[in-house]
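Q: Sequence and computational prediction follow.
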There are 4 protein chains.
Amino acid sequence: MPPKSSSPRPADVTRRNEASRRAILTAAFDLAGEIGFDKLTIEAIAARAGVGKQTIYRWWPSKGAVLLDALLALSEPDNAAEAPEAGLPDTGDLEADLKLVLRATVAELADPRFDRPLRGLTSAIMHDTDLAATYAERLQSPVDALKRRRLESARAAGQLAPEVDLDIAIALIWSPLMDRWLLRSGPLTPEFADRVVETALRGLRP
Amino acid sequence: MPPKSSSPRPADVTRRNEASRRAILTAAFDLAGEIGFDKLTIEAIAARAGVGKQTIYRWWPSKGAVLLDALLALSEPDNAAEAPEAGLPDTGDLEADLKLVLRATVAELADPRFDRPLRGLTSAIMHDTDLAATYAERLQSPVDALKRRRLESARAAGQLAPEVDLDIAIALIWSPLMDRWLLRSGPLTPEFADRVVETALRGLRP
Amino acid sequence: MPPKSSSPRPADVTRRNEASRRAILTAAFDLAGEIGFDKLTIEAIAARAGVGKQTIYRWWPSKGAVLLDALLALSEPDNAAEAPEAGLPDTGDLEADLKLVLRATVAELADPRFDRPLRGLTSAIMHDTDLAATYAERLQSPVDALKRRRLESARAAGQLAPEVDLDIAIALIWSPLMDRWLLRSGPLTPEFADRVVETALRGLRP
Amino acid sequence: MPPKSSSPRPADVTRRNEASRRAILTAAFDLAGEIGFDKLTIEAIAARAGVGKQTIYRWWPSKGAVLLDALLALSEPDNAAEAPEAGLPDTGDLEADLKLVLRATVAELADPRFDRPLRGLTSAIMHDTDLAATYAERLQSPVDALKRRRLESARAAGQLAPEVDLDIAIALIWSPLMDRWLLRSGPLTPEFADRVVETALRGLRP
DNA sequence: TTCTAAACGAGACGGTACGTCGGGTCTTAGA
DNA sequence: TCTAAGACCCGACGTACCGTCTCGTTTAGAA
């Protein structure tokens, strides 16, 4: 990600040290997983990456931006394939497919290696609208597109009522999970995911 | 709220200076509304409240705990009445009542005086399980009880399917709002609230 | 020692709790010996003595004053006898007597139990003229009187030149020891004490 | 002066900011003269010098060390000349020369601009053996060398008894002054200095 | 012997400074 | 020119004590 925007130094991207960039992203992700985002410091990232602090400040506007890039980088290196994000499963059975996806999400969020960086990034997004915009563009909107595509497929198959707003449908299905995860307002179990899918779909079917 | 637990000094609650306590809570809430929770500092709260820092550290384990108490205190002083929390409206028309409540929530969350402290507190809760526990006990569970009571009333009136899990129902209705608010993943409008209520209720009715 | 002066409350000496007073002085002296005067705190004295802080502030103006009293109290309890201060030895041989006294002083100053409190008190006196005045009156002047008496006896015996100013003589004999002790500008040995006495007396004899 | 020793970070002396160093020393000396050493705080020095606290903690282990450096720096900048320390006066008349020097010392110690920092530094030295060692090496021993040189010159001129230990002689001449100054055990006047010189020399002459 | 005012143990309070941490900027050397 | 290293100014941290100020609770002299 380029620096804030236009302001201080454009910074010549072509001269950028790729090894340092990867070391920083790896260090940031690992440290966020180990000690949590809020205890994460730029100094610690720089030290772990064997990099000067300035090299971080030159290329990223905040530690949230570093972490966002770090998460994005998790998919990139496998480059072309992009298998993990190639699409939501579509067996023709919407309920089963959604349960599968949500159960996978539940499992991922239960792993501290992912919970902590994601939680931290989410918290950063809550407070930093610039970062939120980048997040929306780079992570959320592609993922939402996948969800929407699956629901469109279901609608085409007559499994969803035509008049249902897909944005609302997505919110109904995924928000309860996010809420439980972020606020720990209840146990985040596969069963909960199943119940949410079942109940939401009651209202989404024709 | 007494300090974490047993460890250093129990601190004698009977000797507590009530004026200082209120000054701290007021200062914390106001400052959080003015500059945001993450830029809020204990020193600033102490200075604004005309209080020594130690007086804050003596009674609260973190600035999140201060802010939680500050929010709780907003209802208390109105004492017995407790009108605002007396219950959700129950006109017999569940959909209308829910829309009313959700629209009010949307309005409140749009006001920076509430958005900022609440957002900060929510962020703190995400990272601090002790605080989350206190939050769950003092704020979330009473509010959830009100929601649940309204839904039970609706179920008794035959407006909800008997087999619906009320916790899931609550999640379906309120989570989409929280998600949009926290992550700014879309505009948080009264219309959105209406759509969510309508769609969720499709699946909750008998 | 009574409080500062007239100002707030005269404090009724007759009601004073003797047990607390002794506990404070003992605690102050012991703590000064253990951790040194500058790390000594009123709170620690109060805690060790099992006494409220106010009881110290009520009766002493500063921790230096407490420590001075503590040192004075070391001689008092042996009551009337006052043997240790009854007078400097007077065998008729001035040089031998002085060497004896100075060697004893050297030994005392080498003992951390005395070095630390005395060093701290001396430091306090250096910065606090009120305390210095009390010190001069209660400790220094009686001791100086003893020294002067011994030198007068020597002068009467024809061992000192009549024209010598006794204050100067006292300074010449004792100051080098104090200097070495306070500033650690050289080893504080019995031999040093002997040399000083010998050299000083060369100039003091008729 | 580099930090205590090896422990945390050696701190790269070549990168040190000379302007900050001088500002700190000047601020420390001035403040010590204005408010006294014991009321001197690191924070005040940093504020007056327009410097971060850490810049002081990085390079000095204690405020005593700062003040010692500040005093040493008073002579340095005049660099080569070093006139003030070029040597004690040597007119051939030892008694007159010593009186001159001691009277000058008395005058200096009477000036609060010097009394306060020196008194504070002396007090710090009394309690801090590390600092005392630095002091002995950097300030005391060069000064003592000057004194010793003058006395050797006098001995060569037959004005001192050959058998007199010069360390003892130095102590006899200068200690009484230091004592009166530090403990205010009597008026520190030029007359006192004269008397001390006269009496001490009685015993030091052949 | 009771009453009452003080001294007392305890410790909360408004403050000041501590020594440390990390932020973000700036400078120096080396590749 | 970018980088690793790290010194710098700054602000906040959480802690330790300061000296003052209540709180009940002894306690000792006067009534």
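A: That came through fine. Numbers count the residues shown, from 1 in each chain, chains lettered A, B, ... in the order given.
Q: How much space separates the residue nearest the centre of chain A from residue A:175?
A: Chain A has residue A:139 as the residue nearest its centroid, 5.6 Å off, counting by Cα atoms, centre = their mean. Using Cβ to Cβ, to the nearest Å, residue A:139 is found at 17 Å from residue A:175. Heads up, the C-betas are built off the backbone N, CA and C, glycines and all.
Q: May I ask which helix or strand of chain A has the lowest mean pLDDT?
A: For chain A, scoring each helix and strand by mean pLDDT, DSSP states H and E identifies helix A:63-75 as the least confident one, at a mean of 88.
Q: What is that helix packed up against?
A: In terms of contacts (3 or more Cβ pairs under 8 Å, 6 or more residues apart in numbering or on different chains; DSSP states H and E), helix A:63-75 is packed against helix A:18-35, helix A:42-49, helix A:112-127, helix A:129-135.
Q: Would you mind giving those as a markdown table with mean neighbour count, mean pLDDT and distance to DNA strand E added?
A: Compiled in a markdown table, the helices and strands packed on helix A:63-75 are given as follows (neighbours: other Cβ atoms under 10 Å in any protein chain shown; pLDDT from 0 to 100; distance: least, Cβ to the nearest atom of the strand, whole Å):
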| stretch | mean neighbour count | mean pLDDT | distance to DNA strand E |
| --- | --- | --- | --- |
| helix A:18-35 | 19 | 91 | 9 |
| helix A:42-49 | 18 | 93 | 4 |
| helix A:112-127 | 20 | 90 | 12 |
| helix A:129-135 | 17 | 90 | 12 |
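Q: How about the contacts made by the closest residue in space to residue A:180 that isn't next to it in sequence?
A: With Cβ to Cβ, 6 or more residues apart in numbering or on different chains as the measure, residue A:188 is the residue that lies nearest to residue A:180, at 4.7 Å, once sequence neighbours are left out. Contacts of residue A:188 were listed using Cβ atoms under 8 Å, 6 or more residues apart in numbering or on different chains, and they are A:106, A:109-110, A:177, A:180-181.
Q: Apply 7 Å and report the result again.
A: For residue A:188, the residues meeting the contact criterion (Cβ atoms under 7 Å, 6 or more residues apart in numbering or on different chains) are A:106, A:109-110, A:180-181.
Q: give me the number of residues near the closest residue to residue A:175 other than its chain neighbours?
A: In space, not counting the residues next to it along the chain, residue A:175 is nearest to residue B:175; the distance is 3.8 Å by Cβ to Cβ, 6+ apart. The local packing count at residue B:175 equals 24, with neighbours defined by other Cβ atoms under 10 Å in any protein chain shown.
Q: how close does residue B:175 sit to residue A:147?
A: Counting by Cβ to Cβ - residue B:175 and residue A:147 are separated by 16 Å.
Q: start to end distance for stretch A:101-119?
A: 19 Å (Cα to Cα, to the nearest Å).
Q: Please see if that stretch touches chain B.
A: Yes - in terms of Cβ under 7 Å from any Cβ of the partner chain, part of stretch A:101-119 sits within range of chain B, namely residue A:119.
Q: who's in contact with that stretch?
A: With contacts defined as Cβ under 7 Å, 6+ apart, stretch A:101-119 is touched by A:29, A:32-33, A:36-37, A:67, A:71, A:88-89, A:177, A:181, A:188-190, A:193, A:197, B:126.
Q: Narrow those to those that are buried.
A: Under a neighbour-count criterion of 16 or more other Cβ atoms under 10 Å in any protein chain shown, the subset of the contacts of stretch A:101-119 counted as buried comprises A:29, A:32-33, A:36-37, A:67, A:71, A:88, A:177, A:181, A:188, A:193, A:197, B:126.
Q: Looking at the residues you listed, which is nearest DNA strand F?
A: Checking the buried ones among the contacts of stretch A:101-119 against DNA strand F by Cβ to the nearest atom of the strand gives residue A:36 as the nearest, at 14.4 Å.
Q: and that closest one, what does it touch?
A: Applying Cβ under 7 Å, 6+ apart, the residues near residue A:36 are A:116, A:120, B:127.
Q: tell me, how many neighbours does the closest residue to the last one other than its chain neighbours end up with?
A: Once flanking residues are discounted, residue B:127 sits nearest to residue A:38: 5.3 Å by Cβ to Cβ, 6+ apart. The local packing of residue A:38 (other Cβ under 10 Å) involves 19 other residues.
Q: Which residue does chain A have closest to chain B?
A: residue A:203 (2.6 Å; Cβ to the nearest Cβ).
Q: Done for today, thanks.
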